[in-house]
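> Sequence first, then the predicted structure:
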Protein chains: 2
Amino acid sequence: MNSPYAMLDAIRRPLPQTLSEALKQSFSERFTTAQAVRDHHGKDESPFPTTPPDAVVFAQSTDEVVDVVKLCAQHQTPLIAFGAGSSLEGHLLAVQGGVSLDLSGMNQIIAIHAEDLTATVQAGVTRKQLNEALKTTGLFFPIDPGADASLGGMAATRASGTNAVRYGTMRENVLGLTVVTAEGKVIKPFNRAKKSSAGYDLTRLFIGSEGTLGIITEVTVKLYPVPEAMSAAVVNFPTLDAAVNTVIQTIQMGVPIARSEYLCPYTIKAINAHSHTTLREAHTLFFEFHGSNASVMEQAETVQQLARDFGGEDFEWATRPEDRSRLWNARHNAYFALLQSRPGSKGLSTDTCVPISRLADSITGARAILDRSTMPVGILGHVGDGNFHCAILIDPNNPQEIEESERLNDEIVKLAQSMEGTCTGEHGIGLHKIDYLEYEAGEDAMAIMRSIKRAMDPGNILNPGKIFRMS
Amino acid sequence: MNSPYAMLDAIRRPLPQTLSEALKQSFSERFTTAQAVRDHHGKDESPFPTTPPDAVVFAQSTDEVVDVVKLCAQHQTPLIAFGAGSSLEGHLLAVQGGVSLDLSGMNQIIAIHAEDLTATVQAGVTRKQLNEALKTTGLFFPIDPGADASLGGMAATRASGTNAVRYGTMRENVLGLTVVTAEGKVIKPFNRAKKSSAGYDLTRLFIGSEGTLGIITEVTVKLYPVPEAMSAAVVNFPTLDAAVNTVIQTIQMGVPIARSEYLCPYTIKAINAHSHTTLREAHTLFFEFHGSNASVMEQAETVQQLARDFGGEDFEWATRPEDRSRLWNARHNAYFALLQSRPGSKGLSTDTCVPISRLADSITGARAILDRSTMPVGILGHVGDGNFHCAILIDPNNPQEIEESERLNDEIVKLAQSMEGTCTGEHGIGLHKIDYLEYEAGEDAMAIMRSIKRAMDPGNILNPGKIFRMS
């Protein structure tokens, strides 16, 4: 494979003077070329070196996004939408220069339709902000990547998280989008109906398009009633295999678990240090059950029995909201805890997802590959979906480690792909997985993706260089 | 709006002689120009007059589909994929002539991966055939349009049915597709992973594209464990409003009902005559509950209490498999029962879907519009999704009735669209809803759909004239 690092050396044209002036005119102090701001917008949570845009614009409305898109289109200048900066595959890096369009100021909750179980928000609203706003409604929004990502960014990468095993991903939970096209038109292809057969599913096409087909400015999502009962549990296992097989059987039996997360002993150790918890440093599953009181009890009993059959022990319950919240905060911070476990490190996170029957082979295979790593590695993830992450903790200033991490990643991805799995369950392609996507989808499907890109963004101004090479 | 009937008069070129000869050469007796076969392939369950293709080819493999697509592309001849012929919006009518590609012979179940809860089938496999094949596995496939449709056709129209309220539609239940593109390439953009962020969601783009972007030849779907307990119930209500409000509250409370169907007194009467049942001719809800024994009991109690609050009575239970099966067979045959209630009639079926809080307004509004109808009308549908059908029973030889039915349909659709609803929850656009889609999506979104069509089918050979006009 080609090194994704090679793509950082694309040709950059300087920002056209007239564009710069026009943006300054329209946005005054919300337009900047200050180095610190550009640097902040030229990186994400990936180990890639900062690759800053030439300027940053902070937009506050869909109309302003239209203005920026039209100006960039006129000047054939790359435009990269920026939400919370929490992506993991180099999505935000300005590899061809251009303008970063920061949407974090578009953080208005436009409407909560509790009676329809929907909410419409601006793209910069984060998942925590939405759930905070829902507090008095008895409803919640389940999709929860580790970081407090923006909903626009989550839609753009087809994100998911710990609840996906029960509630699905952004693919299933977005009802409608408002999108500014590469031409600067505002479209809203679908409305708030729960299902629709009305024409091409443009909504799903924008979801996962990583800012390459349009700029998402508003998102309408499904909400769910807070379950009558919620209960979380922590269980330890003697081996990785035992933990994973417990989850596989739980899924195969159709137990409607809300969450089922694996964490390796190293990850638990990092979490204990970071979140001041005292979890046993073992192969661990975090479970959560949602439903009526009776149903939660039933689910918990079934899973407890299954876990015991595989040698699971120390079923520790968290039923009080504050205990559950502590547990899941620790889980959501696991990636940052891992980074902290090796000060100064950056993480290369794999993101493979395989059919559930191949999960044990895939994850023990990854473990064996990583046993050769000279760097510390945490393994954790959404095993109920067949999706897990190996966070390889790299010294970003050490080229040998970068090279080694890419080699390990390559082996893990190829193993998953040999099992009818995907290189990315939820992080997206960005810069990092372009070759893997090419292999996975095949060249004829890639040709179709490129033809769609050409049709919808003929000037190739929207986040160019991501997902695939144009030629 | 333009009458959809006007579109039946498109320009037809005769079938090129060389194409005809090449197809005959390759397919011998599986290529035909016999009038009866062409007529059968030039109609669906809509009231449109038969508009036959010039020839019909019966394909048995993806490779054969490739051959036909390439030949049609060479000869710039329209090609219309045909599954079970059960669509409702004129999807199959050969308005520009050309070849109908019958996929019903592609009826092999390729693989049942019970351990992954997935099945891969050829496009011609029907939903009943798949469930029959699953019988010994303890799994089932829930998506159930009224007719015994083919899975390829169901994917192509983004179909759903009675179980969608719990299990989702084809949008949520297809994992992957094999598609022959307009160029005759075979693509399989996604694999069997449960979730994926790998590139543009081509799978979702083909789902609902009604054969205009590619020919679906294989479908991989999610399966579900047959629940431990299943229980169905029939309840009568004094008014339409009472029945609908019971469902609205059930949904808003988050009760995970598996099915919730409304049937009007006229529909019940038609069902009694057709299926030899003795249901009371009242505003009726059919419910079904899936889960563990305890959970089904809980759900049933909650819904029973809600129904009673709205004056629901005669809760009649069907827990034995044969009783449930009789009930749902009757429901699935309701459309045909309605047609039989007026011998010689054809049905114009509305298919609006609105946010659940607008359901009562939408359905009582439709009822008021239809009270002026000179034709009999049955109202029924998947009210838990906000989706219902008004089946207007037309004498297809009476132009006044056709005109009146279109007028009534127009009012009902516009009412739903004024409530943030869609013209089609599950039937698709076909010929019949082109203008409504245009209004609903807006001209800029339509321009994008057309640009995608041009990019993926530059010769406009795949089911031309459906979903939108190209200019």
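Thanks, I have the structure now. Numbering: from 1, shown residues only, chains lettered A, B, ... in the order given.
> Poorly predicted segments of chain A, please.
For chain A, applying pLDDT under 70 flags the ranges A:1-2, A:9.
> tell me the domain ranges of it?
Using automatic domain parsing, the domain ranges for chain A come out as A:109-225, A:229-417.
> mind checking the end-to-end distance for the last one?
Right, the one you point to is domain A:229-417. 38 Å (Cα to Cα, to the nearest Å).
> In this model A:Gly214 seems to touch A:Thr181, though I could be wrong.
Yes - the pair A:Thr181 / A:Gly214 is scored as a contact, 5.0 Å apart, by Cβ atoms under 8 Å. In short, each C-beta sits where N, CA and C put it, glycine included.
> of those two, who's got more company?
A:Gly214 (28 against 24; other Cβ atoms under 10 Å in any protein chain shown).
> What sits closest to the more buried one if chain neighbours are left out?
A:Val179 (4.0 Å; Cβ to Cβ, 6 or more residues apart in numbering or on different chains).
> Could I get the buried residue list for the biggest helix by length in chain A?
Assignment by DSSP state H gives helix A:399-417 as the longest helix of chain A. By neighbour count with 16 or more other Cβ atoms under 10 Å in any protein chain shown, helix A:399-417 contains the buried residues A:401-402, A:404-406, A:408-409, A:411-417.
> How far does that helix sit from its chain's centre?
The chain centre lies 20 Å from the centre of helix A:399-417; the measure is Cα atoms, centre = their mean, to the nearest Å.
> what does it contact?
A:1, A:3-5, A:47, A:348, A:350, A:352-354, A:362, A:365-366, A:369-370, A:372-375, A:390, A:392, A:394-396, A:422-423, A:433, A:436, A:439-440 (Cβ atoms under 8 Å, 6 or more residues apart in numbering or on different chains).
> Would you list the buried entries among those?
A:4-5, A:47, A:348, A:350, A:352-354, A:362, A:365-366, A:369-370, A:373, A:375, A:390, A:392, A:394-396, A:422-423, A:433, A:436, A:439-440.
> These also near chain B: which ones?
By Cβ under 8 Å from any Cβ of the partner chain, the members of the buried ones among the contacts of helix A:399-417 lying near chain B are A:Cys353, A:Val354, A:Thr422, A:Cys423, A:Lys433, A:Tyr436, A:Glu440.
> Okay, and which of those residues map to helices?
A:Tyr436, A:Glu440.
> Quick check: the farthest pair among the ones next to chain B among the buried ones among the contacts of helix A:399-417?
A:Val354 and A:Lys433 (15.5 Å; Cβ to Cβ).
> show me the contacts for the nearest residue to A:Asp361 once chain neighbours are set aside.
With sequence-adjacent residues excluded and distances taken as Cβ to Cβ, 6+ apart, A:Asp361 is closest to A:Met419, at 6.6 Å. For A:Met419, the contacting residues are A:Val354, A:Pro355, A:Arg358, A:Asp361, A:Ser362, by Cβ under 8 Å, 6+ apart.
> how about the strands in the stretch 151-300 of chain A?
When assigned using DSSP state E, counting those that start in this stretch, the strands of the stretch 151-300 of chain A occupy the ranges A:174-181, A:186-187, A:214-222, A:224-225, A:229-237, A:259-263, A:283-291.
> can you pull the contacts of A:Thr267?
Taking Cβ under 8 Å, 6+ apart, we find A:Thr267 in contact with A:Ala334, A:Ala337, A:Leu338, A:Gly378, A:Ile379, A:Leu380, A:Ala391.
> Can you tell me, leaving aside adjacent residues, what's nearest to the fifth one?
Think A:Ile379. Here the residue nearest A:Ile379, using Cβ to Cβ, 6+ apart, is A:Cys264, at 4.2 Å.
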